[in-house]
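Student: After the sequence you'll find the predicted model.
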Amino acid sequence: MFPPIVLLLLLAGVAAAEELPPSLPPARLLRSVANATTGLRTDTFVKPLGRLEPEEVINTRPWGPAGSLLRPDTPENASILIVAIEFDLVSGETRESLPLDTLCGAWKRPSSSSSSDDDDASSSPAGSVLFRAISGVSYGLEGKRALFSRGQSAPLTPCDTGLGLGGGGAEWRGRQRRDRALETATGDAFLRGGGKMWIEPPNTRWGANVHVIDLRSVASVRDAVQCNCEAYAKRGNDGVPLVPVDLDGRPSILMKGREGGGVQCCGDRALGPLLPGADPRGPKRAVSLLYNVTYLVMPTDGSVPDAVPERHRELVKRVPLEATLMVSSAADVDGAACFGEFNARPCGGVDGDGSPEAIAAERAAWDARAARRGDNAPEPRNQTCDVVVDAETGEETRVSVAWSHPFTLPAGTAYDVYSAVGHQHVGGRNVRLINVTDGADNAVVCQSDAAYGDAPGVVGDEAGFLVDIVPCVFDPPARLSAGESYVLRSEYDAVGVARRPRGPGFRGPYEGVMGYMTMVFTIPEGFDIGVFSASGDRVIPPEEEEGAASVRTLENDEDDEDAAAGSGACVVAAKAAAANATDEEATPWTSIQLSEDANFTMAYRFVDDDENVQFRLRREKPAWVALGIHRPGGDHMAAADYVVAESADDGETFAVYEAYTMAYAKPTPKRDFPDGDARDSGLNATDCAVVATDDGVVEVTFTRAATVAEGDPYGANVSRGVATEVIWAAGEDGAGFEMDYHGQVRGHLEVTF
């Protein structure tokens, strides 16, 4: 799952929403209130999500009936300065907030010495649902440099899954309560969102990925909250055993036998195990998403509105940006493990027994598991066990720690950081950003501490739930410069640690957890924009160079004079494609069906005396497409060389570019690195084309080198007669043309070229 405890809300620019069924109304505006004193306006919207039975799951897609949202209606071409976005999960009938816990009568508040493990029981009062995470981002936009040059915000996130409009999980409500208190104490309405702001481009479209679990009658709170794969495999939609379902509710063979937990095991309409005697078809209840957007319309000339107070003007003037750093799945992945959920190392010994022998056995089991899964495991390899000492009591506590690789900015770039906040799940203790540059003495730049609720059934203070993560605020901003290296450290309780007052409502093992930090920053004067990476080489190309090939969609318009335009573009007009017909006959294509869905096919042929390979991807639905060739030892997303064809303007213009992965992460474009870097693309930028027909067929043709440069760790060879693992993906129905990491139209197969 992209982030954490149970409402994953991803605001995303998406294609037009499909027609809604009568049973699921669209989002609607409830009210719009203007503040004459501050100039701010707050719009309140409600979006019905559907109906839940006990221990049932809803997982919406941004482009589906349940996920389509409204955004504020503003003048055409006007950006908006978003001061705060507040989300709430409410009853579909009364619109009253639903507390996170249905555990009111079951979770006992512990003493510091409590070691009982009966906290995993649950009863089923008329409580609420659990929302697993909330995060917001805008997609379907132009390149990051183009947005920034126009004074609009963008996520500069290593793995390209940055949050943007907001981020958090179950702790979101606690943060909102804190921010409202800050606004009241200071009298500054622009602090309603904690001082975190975002300049949203005009005419974007919003959607929501909302992941909700009904906790009534759950057999195990721990298993339900953490999406334990074994638990969700016990009960299918027909009351029979079933392999866990994926994000879209499809039986997932890949998840069968999966260890631990995560959203992959509790997808849409999944059913978790219930208490003995509980009605498996108990009464359903309607659930809705209520959200407020507090904003200010920006002048079209890009100036800072007069209504913005002096203390915030510099942030708005320099354009607030965001970056999210995550713990890493492998030391050499040049970015972050975007598949952000992982199982925390137990660290407390076997079954929580803290004896030296048990701890040694746990260490041996962990090392063996890590060796068995290898560098491609979808979790941080670098997880350590540590002992922390309470500054007040001197008490020592054993903890589980996951680390990122070092992150470094490219030369000529810098960030002025205004705030930073971590994100974790139940069991989390804190997230730290540490300066590991030589001579920095491992200085902690930010420690974002987790806070737990203590009031059963009270919204924003739910007992045993992580209800807030305290941000770091910097005044003046903290300067992060090129050449400096930073790591992320995410700390969880170890198994067997005694439950603590105002601590997690259940003990470990902690599964399907996360550890990341999102920072809000501006670019100081005289510096360029860049992206954190392990190498420190990742840049944002100038607009005219974005995309190894920027391809104009061709619709058999032989008179299209613009088709040949564009610096560095790979453009082939229809008449040029027709001229190649003779060559096609001389060198026949080999065609393979990748998927029956929309008849997705891959055709290929060797050309230029086998020095190059020409590919043709064809799909009978309008969407982005991608093809990856694995390096030896690659597995699924990891260790592959990709070519992606996507569009940010609904198919008017395509970018065809080469990307790569080192581990479980979104493919990193090779164009993001300087000329001469080892990640130089093998894609031929003068021999590719995209054809999109009126009946929805998309056909992408490109040529790439058959053999990569010797020693290139990022490319993959396409060799005659060699069995090679191929991975493919495409956009889902209505999802638009921009690549969606974690999309569900995907697969892999072995091909002997």
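Tutor: Sure thing, it's come through.

Student: Would you map the helices across the chain?
Tutor: All helices of the chain, identified by DSSP state H, fall at 144-149, 172-186, 221-226, 229-232, 310-318, 356-373, 574-579, 581-586.

Student: Please identify the deepest-packed of those.
Tutor: Mean neighbours per residue, mean count of other Cβ atoms under 10 Å, is largest over the helices of the chain for helix 221-226, with a mean of 27. From N, CA and C alone the C-beta is placed, and that goes for glycine too.

Student: List the contacts of the nearest residue to Leu480 once chain neighbours are set aside.
Tutor: Counting by Cβ to Cβ, 6 or more residues apart in numbering, Leu480 lies nearest to Tyr415, which is 4.4 Å off, once chain neighbours are set aside. Residues near Tyr415 by Cβ atoms under 8 Å, 6 or more residues apart in numbering: 323, 409, 479-480, 519, 521-524.

Student: For stretch 349-369, C-alpha coordinates in CSV please.
Tutor: The C-alpha trace of stretch 349-369 is given here as CSV (Å, rounded to 0.1, in the frame of the first residue of the first chain):
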residue,chain,number,x,y,z
GLY,A,349,14.0,-12.5,20.7
VAL,A,350,11.8,-15.6,19.8
ASP,A,351,8.2,-15.0,20.8
GLY,A,352,9.2,-11.8,22.6
ASP,A,353,11.5,-13.7,25.1
GLY,A,354,14.3,-11.2,25.8
SER,A,355,16.8,-13.8,27.0
PRO,A,356,20.3,-13.7,25.3
GLU,A,357,19.6,-17.2,23.8
ALA,A,358,16.2,-16.1,22.3
ILE,A,359,17.7,-12.9,20.9
ALA,A,360,20.6,-14.9,19.3
ALA,A,361,18.0,-17.3,17.8
GLU,A,362,16.0,-14.3,16.4
ARG,A,363,19.1,-12.8,14.9
ALA,A,364,20.0,-16.1,13.2
ALA,A,365,16.5,-16.5,11.9
TRP,A,366,16.5,-12.9,10.5
ASP,A,367,19.9,-13.3,8.8
ALA,A,368,18.7,-16.5,7.2
ARG,A,369,15.5,-15.0,6.0
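
Student: first to last residue in stretch 454-468, what's the distance?
Tutor: In stretch 454-468, first residue to last residue: 12 Å (Cα to Cα, to the nearest Å).

Student: shift numbering so it begins at 10
Tutor: From this message on, residue numbering opens at 10, which makes the last subject stretch 463-477.

Student: Contact partners for Pro631?
Tutor: 660, 701, 705, 707, 746.

Student: I'd like to know which of these is nearest to Asp362.
Tutor: Phe746 (53.9 Å; Cβ to Cβ).

Student: number of nearby residues for that closest one?
Tutor: 25 (other Cβ atoms under 10 Å).

Student: Torsion angles phi and psi at the nearest residue to Ala316 once chain neighbours are set aside?
Tutor: For Ala316, ignoring the flanking residues on the chain, the nearest one in space by Cβ to Cβ, 6+ apart is Gly48 at 3.3 Å. Dihedral pair for Gly48: phi 80, psi 0, per degrees, to the nearest 10.

Student: list the contacts for Gly48?
Tutor: 305, 314-316.

Student: which of the contacts of Pro631 count as buried?
Tutor: 660, 701, 707, 746 (16 or more other Cβ atoms under 10 Å).

Student: okay, those residues in a markdown table with pLDDT next?
Tutor: As requested, the buried ones among the contacts of Pro631 are exported to a markdown table (pLDDT from 0 to 100):
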| residue | pLDDT |
| --- | --- |
| Gly660 | 77 |
| Ala701 | 79 |
| Val707 | 88 |
| Phe746 | 77 |
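
Student: Tell me how far Cys697 lies from Ala632.
Tutor: As for Cys697, its distance to Ala632 is 18 Å (criterion: Cβ to Cβ, to the nearest Å).

Student: Please apply the same query to Glu239.
Tutor: Applying Cβ to Cβ to Glu239 and Ala632 gives a distance of 34 Å.

Student: Cys481 too?
Tutor: For Cys481, the distance to Ala632 - Cβ to Cβ - is 40 Å.

Student: Of those two, which one has the most company?
Tutor: Ala632 (28 against 21).

Student: from what I can see the more buried one touches Met748, true?
Tutor: No. In this structure Ala632 lies outside contact range of Met748 using Cβ atoms under 8 Å: 9.6 Å.

Student: Find residues that contact each of those two.
Tutor: Gly740.

Student: Met528 touches His432, doesn't it?
Tutor: No. With contacts counted by Cβ under 8 Å, Met528 stays clear of His432, the gap being 11.9 Å.

Student: So if I had to pick from the two, which one is more boxed in?
Tutor: Shown here are Met528 and His432; by other Cβ under 10 Å, His432 has more neighbours (31 against 26).

Student: Per-residue pLDDT of Ala491, please?
Tutor: If you check Ala491, the pLDDT there is 95.

Student: For it, give its distance to Pro415.
Tutor: For Ala491, the distance to Pro415 - Cβ to Cβ - is 13 Å.

Student: Those two: which is more packed in?
Tutor: More crowded of Ala491 and Pro415, by other Cβ under 10 Å: Pro415, with 20 against 16.

Student: wait, isn't that one in contact with Ser494?
Tutor: Yes. Contact criterion Cβ under 8 Å: Pro415 and Ser494 qualify, at 4.1 Å.

Student: overlap in contacts of those two?
Tutor: In contact with both Pro415 and Ser494: Val445, using Cβ under 8 Å, 6+ apart.

Student: hang on, the earlier thing: take the buried ones among the contacts of Pro631 and keep only those in strands.
Tutor: Those of the buried ones among the contacts of Pro631 mapping onto strands are 701, 707, per DSSP state E.

Student: Noted, bye for now.
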